[in-house]
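Colleague: With the sequence up front, the predicted model follows.
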Amino acid sequence: MLKQHLSLLRKMESGLSIESMKWQSIETAPKDGTLVLITDGVNTEVAKNFGDDWISSDGLDFGYGNWDSRLTHWMPLPKLPIPPPR
């Protein structure tokens, strides 16, 4: 599963500006399965959204306990560091 997440993160590397790295209203979050940081103002999690359903990076559905209804903001994940040459 970690390899899948790393692959997705690498795909996200291009196109992120400093401006896009700020917290944004949850209503503007991508709904295409892109992994992002989400928060309810207290807790923070890496998750993806498919329409109205937030799923954590480890596959758990946030609908349980209505945590997803308390979400307020999201932010793109940062770029991965460039490994040093070998």
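Modeller: Nice, thanks for sending it over. Numbering: from 1, shown residues only.
Colleague: Quick one: list the elements packing against the longest strand anywhere in the chain.
Modeller: In the chain, assigned by DSSP state E, the strand with the most residues is strand 44-50. Applying 3 or more C-beta pairs under 8 Å, 6 or more residues apart in numbering; DSSP states H and E, one finds that strand 44-50 contacts strand 36-39, strand 53-56. Using the backbone N, CA and C atoms, a C-beta is placed for each residue, glycine as well.
Colleague: can I get those strands in a markdown table with mean neighbour count, mean pLDDT and distance to Pro85?
Modeller: Formatted as a markdown table, these follow (neighbours: other C-beta atoms under 10 Å; pLDDT from 0 to 100; distance: least, C-beta to C-beta, whole Å):
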| stretch | mean neighbour count | mean pLDDT | distance to Pro85 |
| --- | --- | --- | --- |
| strand 36-39 | 20 | 94 | 30 |
| strand 53-56 | 17 | 84 | 35 |
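Colleague: Distance to Thr28 for the ones you listed - can I get that in TSV?
Modeller: As requested, the helices and strands packed on strand 44-50 are exported to TSV (distance: least, C-beta to C-beta, whole Å):
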stretch	distance to Thr28
strand 36-39	11
strand 53-56	14
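Colleague: Minimum distance to Leu77: which of the ones you listed has it?
Modeller: Checking the helices and strands packed on strand 44-50 against Leu77 by C-beta to C-beta gives strand 36-39 as the closest, at 6.3 Å.
Colleague: Helices of this structure, residue ranges please.
Modeller: Using DSSP state H, the helices of the chain run over 2-12.
Colleague: just for this protein, where's the confidence low?
Modeller: 1-20, 61-66 (pLDDT under 70).
Colleague: let's see it at 50
Modeller: 14 (pLDDT under 50).
Colleague: got the contact list for the nearest residue to Gln24 once chain neighbours are set aside?
Modeller: Using C-beta to C-beta, 6 or more residues apart in numbering and skipping the chain neighbours, the partner closest in space to Gln24 is Trp74 (5.8 Å). Contacts were defined as C-beta atoms under 8 Å, 6 or more residues apart in numbering; by that measure Trp74 touches Trp23, Gln24, Ser25, Ile26, Thr28, Ala29, Val36, Leu37, Ile38, Thr39.
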